[in-house]
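Trainee: Mind folding the following:
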Amino acid sequence: MRALLLPLHLTFVGLWLGCVLTEALFERALLGHGRDKELILSALHRRVDLFIEIPAFVLVLATGGLLLAGAPTSALLHAKVGVALLAVAANVYCVYLVFKRHRLALQGDWQGFEKADHLQHKIGAVVLLGILGALGLGLALFSGAVSG
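Mentor: Numbers count the residues shown, from 1 in each chain. All right, here's what the predicted structure looks like:
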C-alpha cells in the first residue's frame, strides 16, 4: 500500500496544479470582458473549485500526511511540509473568495466583486507558488534519497 502513496500523491498534486493553471486561463479569457462574462466566470470558477480543486487539495493533504508518517525527518522535509501547508491554507482562503465573488456577482455588487477578485488573484498566486515550491522541495528530497 505504501508503494502506491507517492504515485497517488503526485497524481493529486498534478491534478491540483493543473486545476489552478486552468482556472488562471479561464480567468484571463473571461475577466474584463463584460459583466455577463464575469458572471459566467464566477459560476464556472466556483463549480471547478467545488468539484475538482477542493477534492484535489484535500487528497494531496491526506496522501501527504500518510507519506509524512513514515518519512525520516530533516530540515528540507520540514520546509516542504511548511510550504505545502501554506499552499493548502491559501487555497482554502482562495476558495472562500471564489464563493464570495460569485455571490457578489449574483447580487450585482460589482464593486465588491472587483475587490474580492483582486484579493483572490493575489492569494491564488500564493497557492501557485506554494504548490510549485513544495513540489520542488519534494523533488529535492526524492533526488537526495535516491542518490544517498
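Trainee: Could you list the low-pLDDT ranges of the protein?
Mentor: 1, 145-148 (pLDDT under 70).
Trainee: how far out from the middle of the chain is the lengthiest helix in it?
Mentor: Ranked by residue count, the top helix of the chain under DSSP state H comes out as helix 110-147. How far helix 110-147 lies from its chain's middle: 7 Å, per C-alpha atoms, centre = their mean, to the nearest Å.
Trainee: Next, the buried residues of that helix.
Mentor: Under the neighbour-count criterion of 16 or more other C-beta atoms under 10 Å, helix 110-147 has 113, 116-117, 120, 123-124, 126-128, 130-131, 133-135, 137-138, 141 buried. Bear in mind the C-beta positions are built from the backbone N, C-alpha and C, glycine included.
Trainee: From Gly82, how far out is the nearest residue to Arg2 once chain neighbours are set aside?
Mentor: Closest residue to Arg2 apart from its sequence neighbours, by C-beta to C-beta, 6 or more residues apart in numbering: Gly70 at 6.6 Å. From Gly70 across to Gly82, the span is 19 Å (C-beta to C-beta, to the nearest Å).
Trainee: Neighbour count for these two, which is higher?
Mentor: Gly82 (14 against 8; other C-beta atoms under 10 Å).
Trainee: Done for today, thanks.
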